[in-house]
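> Need a 3D model of the sequence below.
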Amino acid sequence: MKLSNLLSTLDSQIPIAAVDVLAPDEATIIQWLTTEANNKLNSPVFFWNLGVSTLEQCLIAADGGLIFKPVAEYKRPLQADPLLYVFDYIANFSGDGVFILGDIHSFIGKNSPQLSWEILSKVKNLYHRLKPTDKRIVLLGQNIQLHESLVRLIPYCEVPLPSIDQILEHINAYLHDLQQSAIEQELTFAISLEHAQKETLSRAALGLTLEEISDFLRLTVKENLTNDGVVVDADFIPKAVEYKTRLLSQMGIELGKPATIAFGGLDNLREWLNRRRRLFTQEARSLSLPQPKGVLLAGPPGTGKSHCAKNIANILNLPLLQLDIASLLGSLVGESESNVKRALKTAEAIAPCVLFVDEVEKALSGQGDTSGVSQRILGTLLTFMSECTAGVFIVATCNDPSALPTEFKRKGRFDESFFVDLPTEPERVQILGIHLERFGIQVQLEYLEAVAANTAKFSGAELETLAAEAALLAFDEGRPQQVTLGDLESCRKTITPLAIQDAAAVERMRDWASTARRASSPVVAAKTQSLRTAKFRNMN
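Numbers count the residues shown, from 1 in each chain. So this is what the prediction gives:
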């Protein structure tokens, strides 16, 4: 059920409905429900939750705001259970009305530790007994999961996060209200934003609720207020990103920064991505071309999978979100999958975007999980991947694909699975050069080739360490940014690659690689220069 159908549903003798809404927008939905019920049902609206001591009538003030007025007739005896009493009060209420009950879903929720069979029975009884009356109940809350016995009785709708058009309309309206308020207080309030800048500000706010956007605008205006007034200009755009980043991080979503260091090699993966970058454009969507789902990057630790994932956002020219599933795991039954679902819905609202899930096997392997949380999170993620059409491109990395559930890594789940192996010799030359350039160091190509020839089992991370150690050695010896071949060779001997320490694990990964596509093209064997040859090449 869509939110727009809620009033027609209540008007068609369906006495109870559930509305799942993020907490910041609860007051907005109550206000909307009050207005709609007054106009379409000609019915008063009441609100109750465990946090209020009485039943309150919801009224719309002259300025359009929401007012809660206590109902004098509602007098609960001190010894009475508050939730059971409000159900009895509704059942015996003599008039008509829409009763919004907030946050009671934990008492009638699927697998909820607070499930009350008495309350569950009360709700089912009310459903049947309120049908011939003009009394209606709306269950309101966040992460509503009804018990199996109620799922087919109570229609459910979820309030989506606002679209960019809704955000733009809201920003225009709210800035106008703030401006009127400033005029009344004899303050200067200038809006110096062109239409294109307002659209950019709206896109920066994607993923936030309308109430959170209002909070941001009000807070930022207050912080920028001076004796001369305030100017709303393009400086609000980066502040909106900063505000959103802080809120999303509390939900286990990091708004990633664009990668500043390119990745070396992986030509097959790079070519594959470049062929799909235009599929996220409006032109591709107008032609109904399928949106790419994502890629699975698997390989030994340190081969640059995470760094590559961040570069993928640059290649596709999309914002980067990083989902930390571990931070979403809750202590209550059902809480973890609800958190993951909410995070995925946020990503869908920000789409098109890249959603990066690092070391996904740790959350989905199910090892040591006796509660079934991993399996339910897997189901939530698989459902999202199969149903989402908004343009959320998932990049999942994995160190051990054997630990992943079969249904997650099967063909068709991702657009492609890539095996990121230890870098080839030409790739090692690129990687060393990239990291040395970070320190402002230029090394002759033949020296890089000679070092690359002697680092056959080094990962990208180990080559980065080699470059850093050589730069530190040169600096310590009074030769800043003057790394020699001897420095690189000396530091190379101090590093024992993981591929040698845990050779069996790397070989297991390569066995799996036969079922995936290699991220790098194979290298034709060629004669390489030895370190001795490189040392004596430029004697003059």
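> make it CA atoms for all contacts and neighbour counts henceforth
OK.
> The stretch 201-350 of the chain: helices as residue ranges?
Listed in chain order, the helices of the stretch 201-350 of the chain (DSSP state H, counting those that start in this stretch) span 210-224, 236-249, 267-276, 282-286, 305-316, 325-328, 335-350.
> Least confident of these, on average?
Of all these, helix 325-328 carries the lowest average pLDDT, namely a mean of 71.
> hang on, the earlier thing: for the helices of the stretch 201-350 of the chain, give me CSV that also has mean neighbour count and distance to residue 404.
Converted to CSV, these look like this (neighbours: other C-alpha atoms under 10 Å; distance: least, C-alpha to C-alpha, whole Å):
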stretch, mean neighbour count, distance to residue 404
helix 210-224, 16, 37
helix 236-249, 17, 26
helix 267-276, 14, 22
helix 282-286, 11, 32
helix 305-316, 22, 17
helix 325-328, 18, 15
helix 335-350, 21, 18
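> Of the ones you listed, which is nearest residue 490?
helix 305-316 (26.8 Å; C-alpha to C-alpha).
> Could the C-alpha coordinates of the closest one be exported in CSV?
In CSV, the C-alpha atoms belonging to helix 305-316 read as follows (Å, rounded to 0.1, in the frame of the first residue of the first chain):
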residue,chain,number,x,y,z
LYS,A,305,40.1,-4.4,-3.7
SER,A,306,39.0,-1.7,-1.3
HIS,A,307,41.0,1.0,-3.0
CYS,A,308,39.7,-0.1,-6.3
ALA,A,309,36.1,0.1,-5.0
LYS,A,310,36.6,3.7,-4.1
ASN,A,311,38.0,4.4,-7.6
ILE,A,312,35.0,2.8,-9.2
ALA,A,313,32.9,5.7,-8.0
ASN,A,314,35.3,8.1,-9.8
ILE,A,315,35.1,6.0,-13.0
LEU,A,316,31.3,5.9,-13.0
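> in the longest helix anywhere in the chain, what's buried?
The single longest helix within the chain, with elements called by DSSP state H, is helix 164-184. Using 16 or more other C-alpha atoms under 10 Å as the test for burial, helix 164-184 gives 164, 167, 168, 170, 171, 174, 175, 179, 182.
> what's the closest of those residues to residue 425?
Distances from residue 425 to the buried residues of helix 164-184, taken by C-alpha to C-alpha, are shortest for residue 164, at 46.8 Å.
> tell me the secondary structure for residue 100?
Under DSSP: H, G, I helix; E, B strand; the rest coil, the three-state class of residue 100 is strand.
> my read: it touches residue 140, true?
Yes - here residue 100 reaches residue 140: they are 6.6 Å apart, a contact under C-alpha atoms under 8 Å.
> First-to-last residue distance for stretch 58-75?
Stretch 58-75 has an end-to-end distance of 18 Å (C-alpha to C-alpha, to the nearest Å).
> what does it contact?
Residues outside stretch 58-75 that contact it (C-alpha atoms under 8 Å, 6 or more residues apart in numbering): 30-31, 34-35, 44-47, 54-57, 89.
> Turn the buried ones among these into a named PyMOL selection, would you?
With 16+ other C-alpha under 10 Å as the criterion, this PyMOL line picks the buried residues out of the contacts of stretch 58-75:
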select buried, resi 30+31+34+35+44+45+46+47+54+55+56+57
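> Fine by me, thanks again.
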